[in-house]
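Asks: okay, predicted coordinates and the sequence, questions at the end:
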Amino acid sequence: MGTEVLKDPFVPEIYRVESVRRELADAVTLELAPVSGKRPDFRPGQFNMLYAFGVGEVAISMSVSAHEGPGFVHTVRNAGAVSGALARLEPGSTLGVRGPFGTGWPVAEAEGRDVLIVAGGLGLAPLRPAIQEVLAHRERFGRVTILVGCRSPSEILYQHDLEQWKQRLDVNVEVTVDHAGTDWHGNVGFVTTLIPRSPFDPANVVAMVCGPEVMMRFAATGLQKGGVPASSIYLSMERNMKCAIGLCGHCQFGPAFICKDGPVLPLDRIAGLLTVQEV
Amino acid sequence: MQAFKAETPGFVTDTAGLQCLFDVLADEGYRVVGPTLRDDAIVYGDIDGVTDLPSGWTDRQAPGRYALERRQDNALFGYAVGPHSWKKFLFPPIETLWSAHRGADGAMSVTVPERPADKFAFVGVRSCEIHAMAVQDKVFGEGAYVDAAYAARRSDAFIVAVNCAEPGGTCFCVSMETGPRAAEGFDLALTELIDAGEPMFLVETGSEAGRRILEQVPHAAATAAQAEAAMTVSERAAAQMGRSLDTSGIKELLQSNPEHSRWDDVAARCLSCANCTMVCPTCFCSTVEDHSDLTGQNAERVRKWDSCFTMDFSYIHGGSVRASGSARYRQWMTHKLANWIDQFGTSGCVGCGRCVTWCPVGIDLTEEVAAIRAVPDEGRSR
């Protein structure tokens, strides 16, 4: 990260859309390849700034591990002008990419310990590379649990991956939805309700949490109540971001710049601010 | 009283020598910028010579107030800082970062525009402003990512400091340990000494470039009395601060009081106009605007100064994170005086007083800190 000294960090590289996969009614997954040169290496949890021509730039995490393919894979929800333009891109079209930026999930630090993944909604996207890297070296970790919460069954992301992970005997996968019809036979309730009945040793677990801020706040509280120290709980934070390189000031969360000190931050670093409104 | 001692007696020159300095700097390819009168304020702009300086003028400053007044003498630097700071030259308010083009095949390409290679000579830089530049150097030049354009403009700049003789009514550089006497960070430093109503200058050199330029300017060795007179100017200035700020434990004080009722109190007065952030010499926040031309084939990305007082600043899908005025004021002041220390190892405030003077409702951050300090650890206000 930041090793290519001569590269102007303000200037995007041009990437081509290799494929588009519709994930949800309002979300697609874009597979990107550099028009020239090589995609830089990156760690799970890091993000890129994606530029839609003439419209603008947004921060989107990589949603497939660097070890799984030669490009960047991003899942984008149509939530505004820029993400909407990105979600409408077709195979063969070009876009700008700056990155990778930010901190990653503590995958290496979790070796020898239990791993607990807690995802809310689209929060599964930034966590998928971490899950892939854990499962690629499954023997290095203790018990692995993946908890996923969504608003409704139609909003469950990466159903194919979830099915595959569920079929493994060495991973505990639980999915829950906030609201469901009679055709849903799974868990109903917030994802935080799954935490107390998940198999992990609170003293020897690394929890990686990503979702809406309110969900992460409840998850953090639940984990701490279950005896997990704040230093073992990691959250991926979101704030408005313009430069992604610590120069524009937009993404501050207290003393932290989410772009360079985050997006993945240990709870003990931000716990005091997580319960304060409008930080 | 704060006492100053000259390292070396230095040199003296007069108004003609100052004019010669401007000429030498221009000959050396510098774009000379300094204080000048415009729109009833002393601002920083291009100057050709001594006649462009605000001779015989001073300013009166108070919270929400700024007015020029005639002086009894012809001092060239007999005022404090105005609404401008040097950041507008080093960190331009509007700068095109790059432009993009979409070819006939729809493929995008990006080009970085040639930037004007201005080599600035800043004349009349106050000690607080030297510290402000050092603060922005840490932000733009010393992190993992560097703003190369800023760094180039900064390293090329020639700094002619002027030691303050008359601090403004909102100045508190002594509290911030950033003045009034420039200790380093300049090529040349002047102290204006008024002799029978006419200015003359004690000159100190702060760099090899400064010594080289001074060699081309008529000057004489300063007498011990002249050097002492210059020190007296700074001592008097240090004793005339319009404001003071108790900085002891200020980081912990503000970081531990995010729910203090004073934030609502100040928000009831604050207009969220962003003046404080625009005049602040260290505020570095920026936004970008992306737009395309009518053909839709050409686009550019423009960086502009931004302010944490706007609603857009903290917008993420679903709304602004800092929707209330109290959250925005808290962000600005806590960042400036506390979080900045965690981020950059220094306060973000240099005590120049601009945010106090140019606040249309006269909010005084030294008063706001004092109010929180008076009743710290207050419980939840909301």
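Replies: Sure, I can see it.

Asks: looking at this, B:His131 is in a strand?
Replies: No - counting by DSSP: H, G, I helix; E, B strand; the rest coil, B:His131 is not found in a strand; it is helix.

Asks: so where's the stretch 101-250 of chain A uncertain?
Replies: By pLDDT under 70, the stretch 101-250 of chain A has no low-scoring segment.

Asks: so which residues of it form helices?
Replies: A:124-136, A:159-167, A:213-225 (DSSP state H, counting those that start in this stretch).

Asks: most neighbours per residue, which of those?
Replies: Greatest average neighbour count among the helices of the stretch 101-250 of chain A goes to helix A:124-136 (a mean of 23), per mean count of other Cβ atoms under 10 Å in any protein chain shown. For glycine as for every other residue, the C-beta is placed from the backbone atoms N, C-alpha and C.

Asks: same for that helix, what does it pack against?
Replies: strand A:114-120, strand A:144-150, helix A:159-167, strand A:205-210 (3 or more Cβ pairs under 8 Å, 6 or more residues apart in numbering or on different chains; DSSP states H and E).

Asks: neighbours around whatever residue of the stretch 51-200 of chain A ends up closest to chain B, how many?
Replies: Per Cβ to the nearest Cβ, A:Gly54 is where the stretch 51-200 of chain A lies closest to chain B, at 3.3 Å. Using other Cβ atoms under 10 Å in any protein chain shown, A:Gly54 is surrounded by 19 other residues.

Asks: I figured it hits B:Ser292, correct?
Replies: Yes - between A:Gly54 and B:Ser292 there is a contact at 3.3 Å, judged by Cβ atoms under 8 Å.

Asks: list residues touching both of those two?
Replies: By the contact definition Cβ atoms under 8 Å, 6 or more residues apart in numbering or on different chains, A:Gly54 and B:Ser292 are jointly contacted by B:Ala299.

Asks: coming back round to it: so can I have CSV of the helices of the stretch 101-250 of chain A showing distance to B:Gln226?
Replies: Output for the helices of the stretch 101-250 of chain A, formatted as CSV (distance: least, Cβ to Cβ, whole Å):
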stretch, distance to B:Gln226
helix A:124-136, 66
helix A:159-167, 79
helix A:213-225, 63
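
Asks: what about the longest strand along chain A and chain B, any contact?
Replies: Secondary structure of chain A per DSSP state E: the longest strand is strand A:13-24. Yes - residues of strand A:13-24 contacting chain B under Cβ under 8 Å from any Cβ of the partner chain: A:Ile14.

Asks: where do the helices sit along chain B?
Replies: Secondary structure of chain B, counting by DSSP state H: helices at B:15-27, B:87-90, B:127-141, B:148-156, B:173-176, B:208-215, B:224-238, B:250-255, B:262-269, B:275-279, B:325-334, B:340-344, B:354-357, B:365-374.

Asks: and of those helices, who's closest to A:Tyr15?
Replies: A:Tyr15 lies closest to helix B:148-156 among the helices of chain B, at 23.3 Å (Cβ to Cβ).

Asks: for that closest one, which positions count as buried?
Replies: By neighbour count on 16 or more other Cβ atoms under 10 Å in any protein chain shown, the buried set for helix B:148-156 is B:149-150, B:152-154.

Asks: angle of it against helix B:127-141?
Replies: 140 degrees (axes from the mean of the first three to the mean of the last three Cα atoms, to 10 degrees).

Asks: which elements pack onto helix B:148-156?
Replies: So helix B:148-156, by 3+ Cβ pairs under 8 Å, 6+ apart, packs with helix B:87-90, helix B:127-141.

Asks: give me the helices and strands touching the first one, please.
Replies: Under the contact criterion of 3+ Cβ pairs under 8 Å, 6+ apart, the helices and strands touching helix B:87-90 comprise strand B:120-125, helix B:127-141, helix B:148-156.

Asks: how about the closest residue to chain A within the stretch 1-150 of chain B, what does it touch?
Replies: Evaluated by Cβ to the nearest Cβ, the stretch 1-150 of chain B has B:Tyr145 as its residue closest to chain A, separated by 3.7 Å. Counting by Cβ under 8 Å, 6+ apart, B:Tyr145 touches A:2, A:9, A:245-247, A:260.

Asks: most neighbours among those, which one?
Replies: Ranking those using other Cβ under 10 Å puts A:Leu247 first, with 25 neighbours.
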